[in-house]
Structure formats: structure tokens, C-alpha cells
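> build me a model:
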Amino acid sequence: MSQELLSPEAVAALFTGADGAFRFARWGRPIVPVVFGVEDQTLEVFKGAVEAVVTLAGHKMAETDPELGANLMVFFCRDWAELSGVPNLGDLVPGLEGLVDRLIAAEATQYRTFRVDEAGAIKVCVVFIRVAGAVAEMPADALCLSQAAQMILLWGDRAFAETSPLALAKGVAVLKPEVGAVIRAAYDPALPAAGEDPSLALRLYARTLAGGAA
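Predicted structure coming up:
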């Protein structure tokens, strides 16, 4: 375990939204990714990144989701307006047209939306990535690993707004040790799959100290 661990306050901040509310959730079912808008080579890189983060978490992947087929859907595009032409995407993401307008206005490069089950655990994640500007210049392995890290938990909307979850090790993109420690801790079976009580952040922090052990 690295010596670089976040403080209890920093752990809480990772799951605190701009509205000040604490929200935590992890996946409650095996993850089944599907990626649109990239070449086969990038597809393999993305799936490899997801598998690496899922393995770190001690979670599972599967070939198919019995309810949805795939439950992690990632759409790469060059322009947000392209999303409006994707068949049936509006059924998956209600209010798609308004969302596209907001993404264009904000000049955003990424967006994630989650759906949860009756226990509050993640059951679906839809990711939109606009390949432009700094995103277009990122190496594929770094871009994919960053996205994989951000879909593995329901992080707060400001969690990685100013700092990346990644670091460079000998020129290779890797998860920051402190972020990896939180991901491992979050999948400790002794913790609930979801919660809105800020005291949960203290339990997460305690498990980062113990390397995710109960």
C-alpha cells in the first residue's frame, strides 16, 4: 500500500456534489461494456482499461447483462450534435435533446449518467466523450483508463474536475495510488452498495488504511 492516502475530508469530497450532498454508489452487478464510435484497436484498449479497474475493485465483468444486454455504454463523437442522430439513444437517456444543447453550450468534452437499482447500486452507466481539444490529444490508454476510473463509482460531479485520477509512472498512465485505494475500499463487501450518510466516508477512509480489508 502506498503512503499516499487521502484524508477523511478528501474522501468525503470525492462523493460530494456541487449541491453539498454526499452520494455514494458502486456497481451491484457485473459490468458489460460496449463502445461506439472508435476503431477496433481503441475498443480493445478501452475494454482492457475497464477490466483493469474492475479487477482492482474486486468486482466482475460478464459477457451479457440479462436485463439490458450491455450496461456500460460509451459513445465517442466529434461533435455533440452527432448524438441526436443515434437511433433509440433518447430512450436510454431521457431529455437527450436538451442535454445535447447544454453540452454544446458548455463546450464539454465528457458526460456520464448513471441509473441505479432498488438498492441504490449502479446498474447502468452511459458515457459520452467528445474527441476534441485536449481529449483528442490524450493517448488512448490514458483516456480509456481515466474514463474507466470515473465509471466504477458514482463519484461527486466535482471529484476530478480540477485534477486527474491518473499519474505517470515511467511515462505510462496509471491510477493514482490514493484513487486506487478508494476504489478498492469502496467494493469492500462489508460496506453498503450505496449510501447518502456522510459518515460512510469515514468507513471508506478506514478501509483505505487497511488496504480495503474489513
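
> distance from the lengthiest helix in the chain to the middle of the chain?
In the chain, taking DSSP state H as the definition, the longest helix is helix 40-57. Between the centre of helix 40-57 and the centre of its chain there are 12 Å (CA atoms, centre = their mean, to the nearest Å).

> and the next element down the chain from it?
strand 72-77 (DSSP states H and E).

> what pLDDT does the most centrally placed residue in the chain get?
Geometric centre of the chain, nearest residue: residue 151, 1.5 Å, by CA atoms, centre = their mean. Note on residue 151: pLDDT of 97.

> residue contacts, the nearest residue to it once chain neighbours are set aside?
Using CB to CB, 6 or more residues apart in numbering and skipping the chain neighbours, the partner closest in space to residue 151 is residue 125 (4.8 Å). Glycine gets a C-beta too; all of them are placed from N, C-alpha and C. With contacts defined as CB atoms under 8 Å, 6 or more residues apart in numbering, residue 125 is in contact with 71, 72, 73, 112, 113, 114, 115, 151.

> the helix or strand where residue 125 lies: how far from the chain's middle?
Element membership of residue 125, judged by DSSP H and E, is strand 122-130. Relative to the chain's own centre, strand 122-130 is displaced by 8 Å; criterion: CA atoms, centre = their mean.

> report the inter-axis angle for that strand versus strand 72-77.
Orientation of strand 122-130 against strand 72-77 (axes from the mean of the first three to the mean of the last three CA atoms, to 10 degrees) gives an angle of 10 degrees.

> give the next helix or strand downstream of strand 122-130.
Beyond strand 122-130 toward the C-terminal end (DSSP H and E), the next one is helix 133-137.

> give the next helix or strand downstream of that following helix.
Where DSSP H and E defines the elements, the next helix or strand beyond helix 133-137 is helix 140-151.

> who are the packing partners of that following helix?
Using 3 or more CB pairs under 8 Å, 6 or more residues apart in numbering; DSSP states H and E, the elements in contact with helix 140-151 are helix 40-57, strand 110-116, strand 122-130, strand 166-169, strand 172-175.

> JSON lines for those, including distance to residue 30 and mean pLDDT?
JSON lines is the format used below for those (distance: least, CB to CB, whole Å; pLDDT from 0 to 100):
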{"stretch": "helix 40-57", "distance to residue 30": "9", "mean pLDDT": "93"}
{"stretch": "strand 110-116", "distance to residue 30": "16", "mean pLDDT": "95"}
{"stretch": "strand 122-130", "distance to residue 30": "11", "mean pLDDT": "96"}
{"stretch": "strand 166-169", "distance to residue 30": "25", "mean pLDDT": "89"}
{"stretch": "strand 172-175", "distance to residue 30": "21", "mean pLDDT": "90"}
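
> residue 102 is nearest to which of the ones you listed?
Ranking the helices and strands packed on helix 140-151 by proximity to residue 102 (CB to CB) places strand 110-116 first, at 8.9 Å.

> for this protein, what helix or strand is lowest in average pLDDT?
Counting by mean pLDDT, DSSP states H and E, the weakest-scoring helix or strand in the chain turns out to be helix 133-137, with a mean of 85.

> and it, what does it pack onto?
Secondary elements touching helix 133-137 (3+ CB pairs under 8 Å, 6+ apart): none.

> need the distance between the two termini of stretch 112-121.
16 Å (CA to CA, to the nearest Å).
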